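> sequence first, then the predicted structure, then my questions.
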Amino acid sequence: MSNLEEKIDEAKKLSMQIVKETEADRLMTLSVGPQHPGSGHFRFVIKVDGDYIVNVDPDPGYVHRGHEKMCEYRNYFQNLPQLERPALHDSSNILYSYCLAVEDLVGINVPRRGQFIRAIASELDRLVYTQYWLAIYGIFLGHSTMFMWPAGDRELIIDLFERFSGHRVTHCFSIPGGVRNDFPYNFKEKCLTQVNYFEKRLKEYEHIFYNNPLFRQRTEGVGILPKEDAIKLGVTGSVLRASGVPYDIRKVEPYDIYDEIDFKVQHMKTCDSFARSYIPYLDMIESCHIIRQLLDKIPESGDVRVKLQGNMKGPPGESFKRVESGRGALGYHIVSDGASRPYRVKISTPSFRNLIALSYLLVGSKLGDMPSIYWSLNYWPIEADR
Amino acid sequence: MNTASGFIKALESGTKHLFIKRFTLRYPEKKLKFDGDGYQFDPKRGVGIAGLRGRHILFHDKCTGCQLCSIACEGIAEAIGMVKIDEHWKQNKKNIMPQIDYGKCVFCGLCVDACPFYALYMTNDYELSSFTKSSLIYTPSQLAVKPRYDGDVEIKIDSKGANHG
Amino acid sequence: MGSITPDFRFGNLVGSIIQLVLVILAIVTVLILPMIFFTLFFVPLPVVNGQVLTPYLFFSMVVDPSRTLPIVKFLMHTALFKAAIFPGFLFASLIAAATIFIERKLLAKMQLRVGPLYAGKVEGIFQLLADGLKLISKEIIIPSGADKPIFWLAPVMFVATSAAVVSLIPVAYGWVVADLNVGLIAAFALLGFFPLIALLYSWASNSKYPFIGGLRALHQMIAFEIPFFLSALPVVILSGSLNLTEIARSQHIFWNIFVMPINAFVFYISSLAELERIPFDLPEAESEIVAGWLTETSGMIFGLIQLGSYLKLYALSALFVILFLGGWYGPQIFPHELIPGASSSNIPLLKIIALDGLYNAVTVNSIFWFIVKTFGIILLMLITRGVNPRIRIDILLHTGWYKLIVLTFINLFVVLTLIYGGILGPGGMILPK
């Protein structure tokens, strides 16, 4: 009750004061817009008093392409290429959730080997996305080596994707009913070699980035999001876990075969920007363990896909399913009225949920902290705008 | 002392990388190798066969002109249109075959999944750039040509690091 | 490579050669001939060896082998040669160009990738030339409401000040453009001019992001000037003079860095801050303020500022070498004569090939060791760029005003103790001169 309400009252008083002071020419309005090397495809307007940020006005919508409306004009299989575009680097996860929702609606059971392959693709995509996120984090803080190393090591995993799904980034691999094709014949050894080497490369990042005193000075104690406020604001994913709440959908509502896999949910209690930047790195190491367990336990042979008609009709009803993607909880809510096209598809993305923490955290911090707070919220602008 | 050791470790890690081999793939002098012949689909079993999703290949002696590939693509990219051809095949009563516009195709491969007659596959060829938009539209006879692609470089991981080729 | 080159046609080759010849003829007629006539009519000619050096005498001396070398030696000691070519502008520009190229390749190797590769046959060695040509050909965009005189003048002033700092640096004994008796103070005074240029330029750009960047540049450079010259203070006390040549000559027994390592470290950090290099490149922080006070530069203005920045890098590394690393002293590895026995023989051709009278083994040795040590310091600055992120403004000001000044005072007291204890300095056990 206390901290959040007080902050809201303070913000209201402050906004009246800001209106008066902007007219008095004391504050400066900066537009950190889409054409800015520090913001991605996202615009927010900040008012600055000297070096301190006084007001933040996020303005999403630059990349809004109407994915939810487009779903109503395509049947369940034709929706796949356009639905994987909002989170292109993480495409297996954003399609995983859709496939689970459609399978729940229609009522089909995916064979066991297909479930394992889907989980392996999802974990590999988590690695790919987090490396890209780390690379951009490095360049926001001016560390050009930290941009090149993750971008280069990401190639090891993308090479694996090229072998079994056919494409480097836009896989379109998990579909309702399973996966599109089985692994190639020598995939398991290659996967283990490259994932092991990838994990060895991850240890280098500790020396040059996470234990670098300059990086620690910039992110420790910056942008503190206390535990109660994090739960009240409804943030999800690594932001929530960095504030001390060990919440991971793979453990809370296990889907497919995640109840048979043994892994730790990484969380830290310091609630600052350093924790938010360290948790995805620890998650990557956990994903490597998960991939090794999955490759151990996968059944040697079996079906990978349930044969479905191209324009199948969904029975009337609705379904909602959530998946833990690279950024947090990604959910699909599908409403169908018996036709071969869905009646309404609602995508609930973690980036849009985390956006509210931006205005909460940036007010009162220094201008130099803006990149480290903004990007540590794991915000992907295209996914938030859909 | 913590800060000093942090800096020294960072410097050491940086200079260590001066002696590791470079990771770059020197395209176009060297090209990547792909296993297999491209993405294919088996309609009897209902699953695909893993491979690179590049340019399509159309087998003229199997295509019946059923338009299922075009219908599948209508909701995705509208890249396949059916055109009349001059050849006469026994199984192709209407004498039509697909023509693919690579300016619009997203290479998702759902058209390959839709073909029930083993006629449309995808190959290893991905170098499809041209100087005009109209030459990106591949006619059925252009689609029948099997491409020649010889790449021979892949990622090698040894004791000194990973590198291409 | 992946480009399509047109087929070779002989007519095109002949046409382009003729075009080249015509352009050269035009330039010679319009520019060079008037210059020659101007020189012949209006400039008083110097006197060499008791004769007025007319162009005819000059050419006949060049052709006569026994008199070529004294002419070359005379030319090399004129003020124009020293200021423009060696150790002046051209030499510093070549080192700056080599630094930029080495920086790109070194960072690329550290990041496991290839740097410039395709410009020039050998690993992209002409990349800088290509970049320079590209920058010259771009349009210079001036924002509306910008202050035009300052906008055009500030980059030129930047390069001029950097070149002025370069002109104070002695490369070998006797090879300095401006041999001032207060050389060190002159260097610091010139370095104090740079924050003013940054502030003027950012204000003249009439835009918000350059304004923030200019203020940051001002705060940063002023904060680090005090540790900068406080760390050079014990050097002056030890050598007893402010002349840079004398400071270098006073280290011929031992280098100053063995006595004052902390001060060398503080000088290094302060010079990184003066140069606006990572980890101190806040004024140009790309992700927060879109290139800071350099936002509105485009085309050749950007090229001039890069040139000035790298000239300053060479100048400050050379200053570090002279103050702390013993200047140009090193083991003599060049032989006394290029061809042994040439100066006492009677064959003029042998004398010319052996560069008799022109080649001074000590000088060449000094230049060689000076360049080696300067490149060593530059390499250290480049590697620091590769492994560190950017620092924040309040941590930077805290470091500059508190920590570094305290460190310089510690080392100052150590040096003063050694001097009054009779170990160092004039009259001590280890004599500097």
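Happy to help now that I have it.

> which residues sit in contact with residue C:211?
By Cβ atoms under 8 Å, 6 or more residues apart in numbering or on different chains, the contact list for residue C:211 reads C:202-203, C:205. The C-beta positions use only the backbone N, C-alpha and C, and glycine is treated the same way.

> quick one: which helix or strand includes it?
Residue C:211 belongs to helix C:208-223 when assigned by DSSP states H and E.

> by contact count, what packs against whichever helix or strand comes after that helix?
Following helix C:208-223 in sequence order, the next helix or strand is helix C:225-231 (DSSP H and E). The contact analysis (3 or more Cβ pairs under 8 Å, 6 or more residues apart in numbering or on different chains; DSSP states H and E) places helix C:225-231 against helix C:183-191, helix C:261-274, helix C:404-420.

> and of those, who's closest to chain A?
Checking the helices and strands packed on helix C:225-231 against chain A by Cβ to the nearest Cβ gives helix C:261-274 as the closest, at 12.4 Å.

> okay, now residue B:83: neighbour count?
By the criterion of other Cβ atoms under 10 Å in any protein chain shown, residue B:83 has 12 neighbours.

> do the one 4 residues further on as well
Counted with other Cβ under 10 Å, the neighbours of residue B:87 add up to 10.

> do the one 3 residues further on as well
Here the number of neighbours of residue B:90 (other Cβ under 10 Å) works out to 7.

> and it, how far is that from chain C?
For residue B:90, the distance to chain C equals 43 Å [Cβ to the nearest Cβ, to the nearest Å].

> surely that residue is within a helix?
No - counting by DSSP: H, G, I helix; E, B strand; the rest coil, residue B:90 falls outside a helix, being coil.

> Provide a list of residues in contact with it.
Not one residue lies near residue B:90 by Cβ under 8 Å, 6+ apart.

> and it, what's its pLDDT?
Model confidence at residue B:90, given as pLDDT, is 86.

> what helix or strand is the closest residue to residue A:146 other than its chain neighbours on?
Excluding the flanking residues, the one nearest residue A:146 by Cβ to Cβ, 6 or more residues apart in numbering or on different chains is residue A:138, at 2.8 Å. For residue A:138, the host element (DSSP H and E) is helix A:112-140.

> summarise which helices and strands that helix is packed against.
Using 3+ Cβ pairs under 8 Å, 6+ apart, the elements in contact with helix A:112-140 are helix A:91-106, helix A:145-165, strand A:174-175, strand A:178-179, helix A:187-205, helix A:273-297, helix A:370-376, helix C:286-289.

> looking at these, which is buried most?
strand A:178-179 (a mean of 28; mean count of other Cβ atoms under 10 Å in any protein chain shown).

> packing partners of it?
Counting by 3+ Cβ pairs under 8 Å, 6+ apart, strand A:178-179 packs on helix A:112-140.

> quick check: buried residues in the helix it packs on?
A:112-140 (16 or more other Cβ atoms under 10 Å in any protein chain shown).

> is residue A:222 in contact with residue A:369, as I believe?
Yes - contact criterion Cβ atoms under 8 Å: residue A:222 and residue A:369 qualify, at 5.1 Å.

> close to chain B: what parts of the stretch 51-200 of chain A are there?
Neighbours of chain B within the stretch 51-200 of chain A, by Cβ under 8 Å from any Cβ of the partner chain: A:73-75, A:77-82, A:145, A:152, A:155-156, A:159, A:162-167, A:170, A:172, A:180-184, A:186, A:193-194, A:197.

> quick check: angle from the helix holding residue C:211 to helix C:261-274?
Put simply, helix C:208-223 runs at 160 degrees to helix C:261-274, going by axes from the mean of the first three to the mean of the last three Cα atoms, to 10 degrees.

> so how far is helix C:208-223 off the chain centroid?
24 Å (Cα atoms, centre = their mean, to the nearest Å).

> look at the closest residue to chain B within the stretch 51-200 of chain C and report its pLDDT.
Closest approach between the stretch 51-200 of chain C and chain B, counting by Cβ to the nearest Cβ: residue C:112, at 4.5 Å. Listed pLDDT for residue C:112 reads 88.

> for residue C:268, same thing?
What the model reports for residue C:268 is a pLDDT of 92.

> residue A:231 too?
Looking at residue A:231, its pLDDT is 90.

> buried ones in whichever strand or helix holds residue C:134?
Element membership for residue C:134, per DSSP H and E: helix C:127-136. The neighbour-count check on helix C:127-136 (16+ other Cβ under 10 Å) flags C:127-128, C:132, C:135 as buried.

> show me what contacts residue 78?
In the absence of a named chain, this looks at chain A. B:72, B:74-76, B:110.

> to clarify, I was referring to chain B.
residue B:104.

> and what about it, helix, strand or coil?
Under three-state DSSP, residue B:78 comes out as coil.

> how much space between it and residue C:47?
Here residue B:78 is placed at a distance of 87 Å from residue C:47 (Cβ to Cβ, to the nearest Å).

> cool, residue B:119 as well?
For residue B:119, the distance to residue C:47 - Cβ to Cβ - is 95 Å.

> again with residue C:37
22 Å.

> got the angle between the helix holding residue A:138 and helix A:91-106?
Using the same axes, to 10 degrees: helix A:112-140 against helix A:91-106 is 140 degrees.

> re earlier: mean neighbour count, the helices and strands packed on helix C:225-231: which tops it?
Note that of the helices and strands packed on helix C:225-231, helix C:261-274 is the most buried (mean count of other Cβ under 10 Å), with a mean of 22.

> any regions of the stretch 251-386 of chain A where pLDDT drops low?
Across the stretch 251-386 of chain A, nothing is flagged by pLDDT under 70.

> get me the contact residues on it for chain B.
A:303-305, A:307, A:310.

> count of neighbours near the closest residue to residue A:11 other than its chain neighbours?
Spatial nearest neighbour of residue A:11, excluding adjacent residues (Cβ to Cβ, 6+ apart): residue A:363 at 7.3 Å. When neighbours are defined as other Cβ under 10 Å, residue A:363 has 18 of them.
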